[in-house]
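In: Sequence isn't available, so here's the structure alone:
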């Protein structure tokens, strides 16, 4: 396996990603859309999820495909970002047809970023507008780090962010991940330098520092987030995707396997205070997939995307946590 041409989820033909953010509020929204509706499913393994229309994605439900997926900050307020994306899709004639009605189907998931130092004193929920702006901005090239749904994200010790990574499988199919990393756990080992995901790094995509040579990791669970009294400001939400054909049931299995990527990159993961969720989608551009290998690759991509999210985070006014690059400025 090797990385795709841009090491991004848009290495999968037809996918586009849009970000919108408000740095004063310290929050944002990310949307993924395709040229055509796509098959998708989702799996929650965290204890505190926030979702919209994910029941549609269960393998036994009748909806065959959806029009977009949304990742957003804002906790329950952020679910309204899906409404903005629905508005944009409807304006472009997209949606599930029932007689003369067209209904865009847009499942979404949110993370909690309401206590990160941003100004949350809005008089009108900003997330519908952020969702529409993210939809309108969707394109092949997009930024990672302190953008979109990762704008206000925090890990236990450092700022989180938005990350992506891809792999091309031996059969030519592509697998990739997009993530907003905001976990209870740490993404770096004690000292803030080495990433837990380092064994899976491709090249120097998140610094090339290598694994921590120390043993006995994960025993002390230091957390600047907890010290700042924002210990419940959490959740890692992700999308994994492939261009190989998958059924909804197979997407569900790939999403389950991809959760291993969160567990390898965040320590601890899937806690009672995380709403960890993974969507899996298939554009079905290529022949049916080897589901085992696709799930394995999705987990690898997700671990790398989480580390890349933290590595790419940038400082902003009013931050309550340092960035990886600030903490490691001597490198």
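Out: Now that the structure is in, tell me what you want to look at. Being a predicted model, the structure only gives us computed values, none of them experimental. Numbers count the residues shown, from 1 in each chain.
In: Please make it C-alpha for all contacts and neighbour counts, starting now.
Out: Fine.
In: And the helices in the stretch 1-150 of the chain?
Out: For the stretch 1-150 of the chain, the helices defined by DSSP state H, counting those that start in this stretch occupy 81-91, 127-137.
In: List the buried residues in the first one.
Out: Looking back up the chat, that one is helix 81-91. Within helix 81-91, the residues scored as buried using 16 or more other Cα atoms under 10 Å are 81-89.
In: Just put the residues you listed in JSON lines and tack on pLDDT.
Out: Below are the buried residues of helix 81-91 laid out as JSON lines (pLDDT from 0 to 100):
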{"residue": "81", "pLDDT": "98"}
{"residue": "82", "pLDDT": "98"}
{"residue": "83", "pLDDT": "98"}
{"residue": "84", "pLDDT": "98"}
{"residue": "85", "pLDDT": "98"}
{"residue": "86", "pLDDT": "97"}
{"residue": "87", "pLDDT": "97"}
{"residue": "88", "pLDDT": "97"}
{"residue": "89", "pLDDT": "96"}
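In: Which two of those residues have the greatest separation?
Out: Across these, no pair lies farther apart than 81 and 89, at 12.7 Å, counting by Cα to Cα.
In: Pick the one among the buried residues of helix 81-91 closest to residue 123.
Out: Distance to residue 123, by Cα to Cα, is smallest for residue 81 among those, at 16.2 Å.
In: Next one: the closest one relative to residue 150, how far apart?
Out: Per Cα to Cα, to the nearest Å, residue 81 is found 14 Å from residue 150.
In: again with residue 322
Out: Taken as Cα to Cα, the span from residue 322 to residue 150 is 15 Å.
In: Between the two, which has more neighbouring residues?
Out: When residue 322 and residue 150 are compared for neighbours, residue 150 comes out ahead with 36 against 20, by other Cα atoms under 10 Å.
In: My guess is the more buried one contacts residue 164. True?
Out: No. The pair residue 150 and residue 164 fails to qualify as a contact (Cα atoms under 8 Å) at a distance of 11.4 Å.
In: Where do the strands of the stretch 151-300 of the chain begin and end?
Out: Assigned by DSSP state E, counting those that start in this stretch, the strands in the stretch 151-300 of the chain fall at 161-168, 174-181, 237-245, 277-288.
In: Could you give the average pLDDT over the longest one?
Out: The predicted model assigns strand 277-288 a mean pLDDT of 95.
In: between it and strand 237-245, how many degrees?
Out: Calculated by axes from the mean of the first three to the mean of the last three Cα atoms, to 10 degrees, strand 277-288 forms an angle of 10 degrees with strand 237-245.
In: Tell me which strands strand 277-288 pairs with, and in which orientation.
Out: Pairing partners of strand 277-288, with direction, according to DSSP bridges: strand 27-44 (antiparallel), strand 237-245 (parallel).
In: Report the buried residues of it.
Out: By neighbour count with 16+ other Cα under 10 Å, strand 277-288 contains the buried residues 277-284, 286.
In: do the same with stretch 97-108
Out: Buried-residue list, stretch 97-108, by 16+ other Cα under 10 Å: 103-108.
In: same deal with stretch 1-8?
Out: If you call a residue buried by 16+ other Cα under 10 Å, then stretch 1-8 has these buried ones: 3-4, 7-8.
In: which residue is nearest the middle of the chain?
Out: Central residue of the chain (Cα atoms, centre = their mean): residue 179, 1.9 Å from the mean position.
In: list the contacts for it?
Out: Residues in contact with residue 179 (Cα atoms under 8 Å, 6 or more residues apart in numbering) are 162-164, 236-239, 302, 305-306, 309.
In: Closest one to residue 213 out of the residues you listed, please.
Out: Using Cα to Cα, residue 306 is the member of these that sits closest to residue 213, with 20.6 Å.
In: any idea which element that closest one lies in?
Out: Element membership of residue 306, judged by DSSP states H and E, is helix 291-312.
In: Beyond that helix, next helix or strand please.
Out: Counting by DSSP H and E, what follows helix 291-312 is helix 324-327.
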